[in-house]
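Engineer: Give the three-dimensional model of this entry:
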Amino acid sequence: MERDGLEEALETLGEVLHERGQHVGLLVIGGSSLLLLGFVSRPTADVDVAALAGPAGYTTAALLPEFLVSAIADVGDALALGPTWMNSGPASLIDFGLPAGTEDRVTVRRFGSLEVHLPAREDLICFKLYAATDQGPRSKHFADLQALRPSADELLIAARWARTHDPSGGFLGELRSALTTLGVEVRDGDI
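Structural biologist: You can find the predicted model right below:
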């Protein structure tokens, strides 16, 4: 989906939810959030939901509410997007914690009865470094990370957060390699 198609899909979903008397808030990460915030212009295949937004903050989106699953499927059919155009693939991020203060920095966009929470640039750097380390320097995540133009300090902060999600030695080695590729000198104790 290009940006216009993405916004059309979200507006349609918001209208469907409104017609059904439902309302939902979602923390959206990945390429769709970068596209909506104007950091990238590349199309995205889907909308990655990391969490449900509610009065008590963010909670896991591992199992989306049935009313939302149904509305997503109906919009996917109507707009020929397929059944997984919106999914909770990255919901496990919430299990180990979002970067501190994420909820205070989000940009909220409303599409009818759909409230989309978009992470701030510094939080997107964390998510994209984590994904880029996992997927490698030729991945879309690596390109997205570069589009965010992170500073060395921002990348080190993101690396520390990423280590809370994968403390393994293998991941540490890949993380160091990713940072080196991004031009960041990593000293012992940095991450």
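Engineer: C-alpha only now, for contacts and for neighbours.
Structural biologist: OK.
Engineer: What ranges does the chain have for its strands?
Structural biologist: 24-29, 47-54, 57-60, 86-87, 107-111, 114-118 (DSSP state E).
Engineer: May I see the ones you listed organised as a markdown table, with distance to D4, mean neighbour count and mean pLDDT added?
Structural biologist: Below are those laid out as a markdown table (distance: least, C-alpha to C-alpha, whole Å; neighbours: other C-alpha atoms under 10 Å; pLDDT from 0 to 100):
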| stretch | distance to D4 | mean neighbour count | mean pLDDT |
| --- | --- | --- | --- |
| strand 24-29 | 17 | 22 | 98 |
| strand 47-54 | 14 | 22 | 96 |
| strand 57-60 | 27 | 16 | 94 |
| strand 86-87 | 16 | 22 | 96 |
| strand 107-111 | 13 | 14 | 98 |
| strand 114-118 | 16 | 23 | 98 |
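Engineer: Would you mind reformatting these (as TSV) and adding columns for distance to E7 while you're at it?
Structural biologist: TSV is the format used below for the strands of the chain (distance: least, C-alpha to C-alpha, whole Å):
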stretch	distance to E7
strand 24-29	13
strand 47-54	11
strand 57-60	23
strand 86-87	13
strand 107-111	8
strand 114-118	11
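Engineer: Need the pLDDT of the nearest residue to G136 once chain neighbours are set aside.
Structural biologist: Nearest non-adjacent residue to G136, counting by C-alpha to C-alpha, 6 or more residues apart in numbering: F142, 7.0 Å away. If you check F142, the pLDDT there is 95.
Engineer: F142: neighbouring residues, count only.
Structural biologist: 21 (other C-alpha atoms under 10 Å).
Engineer: Equivalent analysis for the one 10 residues further on, please.
Structural biologist: Here the count is done by other C-alpha under 10 Å, and A152 has 15 residues near it.
Engineer: picking that back up, ok, the residue nearest to G136 to I125 distance?
Structural biologist: Distance, F142 to I125, by C-alpha to C-alpha, to the nearest Å: 10 Å.
Engineer: before we move on, the earlier item: so the residue nearest to G136 sits against A132, correct?
Structural biologist: Yes. Applying C-alpha atoms under 8 Å, one finds F142 in contact with A132, separated by 4.7 Å.
Engineer: need the contact list for the residue positioned nearest the centre of the chain.
Structural biologist: Most central in the chain under C-alpha atoms, centre = their mean is I29, positioned 1.3 Å from the mean C-alpha point. Listed by C-alpha atoms under 8 Å, 6 or more residues apart in numbering, the contact partners of I29 are V47, D48, V49, A50, L118, P119, L124, F127.
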